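Peer 1: Test case, fold it:
(2 chains)
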Amino acid sequence: MRCTASIHRACDTERFMVRVRFAPSPTGYLHIGSARTFIFNWLFARRQQGTMILRIDDTDVERNTQASLDSIYDGLNWLGLGWDEFYRQSDRFDLYTKAAWEVFEKDHAYRDFTPMNAAPEEPASQGGWLCNAGMRELSREESDRRAAAGEPFVLRFRVPRDPVREVAFKDLVYGEQSKSTADIEDFALLRSSGAPTYHHASCVDDFDLKISHIVRGQDHLSNTFKHILLFEALGAPAPEFAHLPLLIAPDGAKLSKRKHGPVVAVMTYRDAGFLPQAYVNFLCLLGWNPKDDREKMSIEELTAAFSFEGVNRSNAVVNFTEEDPIDPKAQWLNSQHLYAMSHDELAALLQPVFEKAGYAASAEKTRAVTPLIQERIKTLNDAPAVADFFFLDQLVPYDAAELIPQKGDAEMAVKVLRHARGVLETAEFTHAGLEGALRTAATELGVKAGQMFQPIRVAVCGRKNAPPLFETLEVVGREACLKRIDQAVELVGR
RNA sequence: GUCCCCAUCGUCUAGCCCGGCCUAGGACACCGCCCUUUCACGGCGAUAACGCGGGUUCGAAUCCCGCUGGGGACGCCA
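Peer 2: This next block holds a predicted model:
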């Protein structure tokens, strides 16, 4: 790491090394809010030339599943950003246990023998729950005796309230934060099973892994005071904190699978034909902005522009409805990334999409079709419907009325089509050749260009809206064009 | 209930920290026009917001207080 003279502190590499982590718990698929948290961590790490760590917070053995872990990997892999180091908390339980008992020995924690299902005298929902009656004051002798007798307990952190004091820190996004220990409850470190809780394992790991910045959702903002107390008890310097505003649904509620369905899953967007870089771009713009007018940004541009100064403090709504589950802005951004791709790159992505739709899409054919549809699709999945006539042997049936030109009739359609057929039999099958021949033909017939082109377009494409005519004819090929025109003549002539 | 956080167009946001350049800027979506062989792309334009009430000030979207609204935390979940 670079050490400049302007830094007056000792040039301590470890001290300045940025290390961030994304710590999902494998209890579901990758949520878009989690994905955004991952992205912001990643961007910050790259920007600071730091280290991105993926840590699986699987301390709750009951709720973790392999399927969930797999789907989180799938989501992360699709995003394509990667990470530098990997840890799994279930591999590190010894570390947490040892740390917990050290905290206990320093009298910053105590055994709480309250039975797991005991109804609290004063439910937390009524306010003011700080600890279970009597447990905090248990003598060490009695505590040891009851433990030795095999009575189950949870190891609970002793929040310093004698005297009460303020816990404060400066959040990189939310600014100065403080809270009285009179409002912080004694949280658990170890469960009665001996397994660590999230708060404990997380802090021990953040210390052990030398995490420099904790970047996470704002739902952890009030937990941070507990964590700071724990870091103190652990003898660990607290890292920097940056909390991110939450992603919420149009109804104002936190996004949830149960209530909002697949829109909360990252994979939904892959399956909808999104480009990962476009989706990353979209997620970044939810709660962050580059302080200029840019919207469509590449990963490199995002990395170069990222800072916590640009992060908002208010929650962002993901705009979707039941009819249209995709945020329109996400779609637009996706189209912008799509239009910016090279034909070769796009064609490579489109080929499997065509194949999946059942088209015989060779690499060459797909490459020829790609420039014609690039600006006509918003997602990769739009492509088959837009390009069907390039691949289908038999056009999807259409109404004969479509063949009739503006201010014309069936007779004109037949006339135009018959004439066009003759022209196409001999014309040079290139954009220029076709355009010249067909424009001349229109003049000869005494019809407007549009009246000439539209019946041909419908005959060849099976619909009125299609890519530019001459390039389209060229790609479809002479043989297929003639065949389709014959069929059209028959259709409209009946 | 207790504590914490937030509040600019329908949505994402700029502006707020360092009051005046804000008759509040950009983008998406919607509508209209232009370009054009259709569609699309692109261009142009229109509609649309400082939650409310008090202060402070010559002057407030910007500072202060209150209210209201929304979100979060309060688990042997993370």
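Peer 1: alpha carbons only for contacts and neighbour counts from here, please
Peer 2: Will do.
Peer 1: Strands of chain A, residue ranges please.
Peer 2: A:19-22, A:51-56, A:85-88, A:109-112, A:154-157, A:166-171, A:175-180, A:188-190, A:213-217, A:240-244, A:247-248, A:316-317 (DSSP state E).
Peer 1: Grab the nearest non-local neighbour of whichever residue of the stretch 201-350 of chain A sits closest to RNA strand B.
Peer 2: Across the stretch 201-350 of chain A, the shortest distance to RNA strand B (Cα to the nearest atom of the strand) belongs to residue A:287, at 2.8 Å. Once flanking residues are discounted, residue A:287 sits nearest to residue A:312: 5.1 Å by Cα to Cα, 6 or more residues apart in numbering.
Peer 1: Angles on the backbone of the one you found, please.
Peer 2: When read as degrees, to the nearest 10, the backbone of residue A:312 gives phi -80, psi 170.
Peer 1: Surely it is in contact with residue A:245?
Peer 2: Yes - in this structure, residue A:312 is within contact of residue A:245 by Cα atoms under 8 Å, at 6.8 Å.
Peer 1: Please identify which of these two sits among more neighbours.
Peer 2: Neighbour totals were compared for residue A:312 and residue A:245, and residue A:245 leads with 24 against 17 (other Cα atoms under 10 Å).
Peer 1: quick one, what contacts that one?
Peer 2: Residue A:245 makes contact with A:217, A:218, A:287, A:312, A:313, A:314, A:315, A:316 under the criterion Cα atoms under 8 Å, 6 or more residues apart in numbering.
Peer 1: List only buried entries from those.
Peer 2: Buried residues within the contacts of residue A:245, defined by neighbour count using 16 or more other Cα atoms under 10 Å: A:217, A:218, A:287, A:312, A:313, A:315, A:316.
Peer 1: near RNA strand B, which residues of the stretch 101-250 of chain A show up?
Peer 2: A:113-117, A:124-130, A:152-154, A:174, A:177-179, A:183, A:185, A:187-188, A:190-193, A:196-199, A:218-223, A:246, A:250 (Cα under 7 Å from any atom of the strand).
Peer 1: Can you give me the end-to-end span of stretch A:110-128?
Peer 2: Terminal residues of stretch A:110-128 are spaced 20 Å apart (Cα to Cα, to the nearest Å).
Peer 1: whoops, stretch A:155-164 was the one
Peer 2: 21 Å.
Peer 1: ok, how many other residues are close to residue A:37?
Peer 2: Number of residues near residue A:37 (other Cα under 10 Å) recorded here: 25.
Peer 1: now swap in the one 4 residues further on and tell me
Peer 2: Residue A:41 is flanked by 24 other residues according to other Cα under 10 Å.
Peer 1: What segments of the stretch 1-150 of chain A are helices?
Peer 2: Per DSSP state H, counting those that start in this stretch, the stretch 1-150 of chain A carries helices over the ranges A:13-16, A:32-47, A:66-79, A:93-105, A:140-148.
Peer 1: Now tabulate those helices in TSV and tack on mean pLDDT.
Peer 2: Below are the helices of the stretch 1-150 of chain A laid out as TSV (pLDDT from 0 to 100):
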stretch	mean pLDDT
helix A:13-16	56
helix A:32-47	97
helix A:66-79	95
helix A:93-105	97
helix A:140-148	96
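Peer 1: Give me whichever of the ones you listed is most buried.
Peer 2: Greatest average neighbour count among the helices of the stretch 1-150 of chain A goes to helix A:32-47 (a mean of 23), per mean count of other Cα atoms under 10 Å.
Peer 1: For that helix, which helices and strands make contact with it?
Peer 2: Packing partners of helix A:32-47 (3 or more Cα pairs under 8 Å, 6 or more residues apart in numbering; DSSP states H and E): strand A:19-22, strand A:51-56, strand A:213-217, helix A:276-284, helix A:299-305.
Peer 1: Using PDB, write down the CA coordinates of the third one.
Peer 2: Right, strand A:213-217. Extracted in PDB, the C-alpha atoms of strand A:213-217 (Å, rounded to 0.1, in the frame of the first residue of the first chain):
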ATOM      1  CA  HIS A 213     -15.300  -1.200   7.600                       C
ATOM      2  CA  ILE A 214     -18.600  -2.800   8.300                       C
ATOM      3  CA  VAL A 215     -21.000  -2.000   5.500                       C
ATOM      4  CA  ARG A 216     -24.400  -3.300   6.000                       C
ATOM      5  CA  GLY A 217     -28.100  -2.600   6.000                       C
END
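Peer 1: what's that strand in contact with?
Peer 2: Strand A:213-217 has contacts (Cα under 8 Å, 6+ apart) with A:18-22, A:37, A:40-41, A:239-246.
Peer 1: And for the shortest one?
Peer 2: Strand A:19-22 is touched from outside by A:37-38, A:41-42, A:45, A:50-55, A:210-216, with contacts defined as Cα under 8 Å, 6+ apart.
Peer 1: Give the rounded mean pLDDT of it.
Peer 2: Strand A:19-22 comes out with an average pLDDT of 97.
Peer 1: So it, near RNA strand B or not?
Peer 2: No - in terms of Cα under 7 Å from any atom of the strand, no part of strand A:19-22 sits within range of RNA strand B; the closest distance is 10.4 Å.
Peer 1: where does stretch A:176-194 sit relative to the chain's centre, distance-wise?
Peer 2: On the basis of Cα atoms, centre = their mean, to the nearest Å, stretch A:176-194 sits 32 Å off its chain's mean C-alpha point.
Peer 1: Mind listing what's buried along that stretch?
Peer 2: Residues of stretch A:176-194 classed as buried by neighbour count (16+ other Cα under 10 Å): A:179, A:181-192.
Peer 1: try stretch A:346-356
Peer 2: Buried residues in stretch A:346-356, counting neighbours by 16+ other Cα under 10 Å, are found at A:346, A:347, A:350, A:351, A:352, A:353, A:354.
Peer 1: Kindly format the C-alpha coordinates of it as CSV.
Peer 2: Taking C-alpha atoms only, stretch A:346-356 is exported to CSV below (Å, rounded to 0.1, in the frame of the first residue of the first chain):
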residue,chain,number,x,y,z
LEU,A,346,-24.5,-9.4,-27.7
ALA,A,347,-24.8,-12.2,-30.3
ALA,A,348,-22.9,-14.5,-28.0
LEU,A,349,-25.5,-13.9,-25.3
LEU,A,350,-28.5,-14.1,-27.6
GLN,A,351,-27.6,-17.4,-29.2
PRO,A,352,-28.5,-19.5,-26.2
VAL,A,353,-31.7,-17.5,-25.7
PHE,A,354,-32.7,-18.3,-29.2
GLU,A,355,-31.8,-22.0,-28.8
LYS,A,356,-33.9,-22.1,-25.7
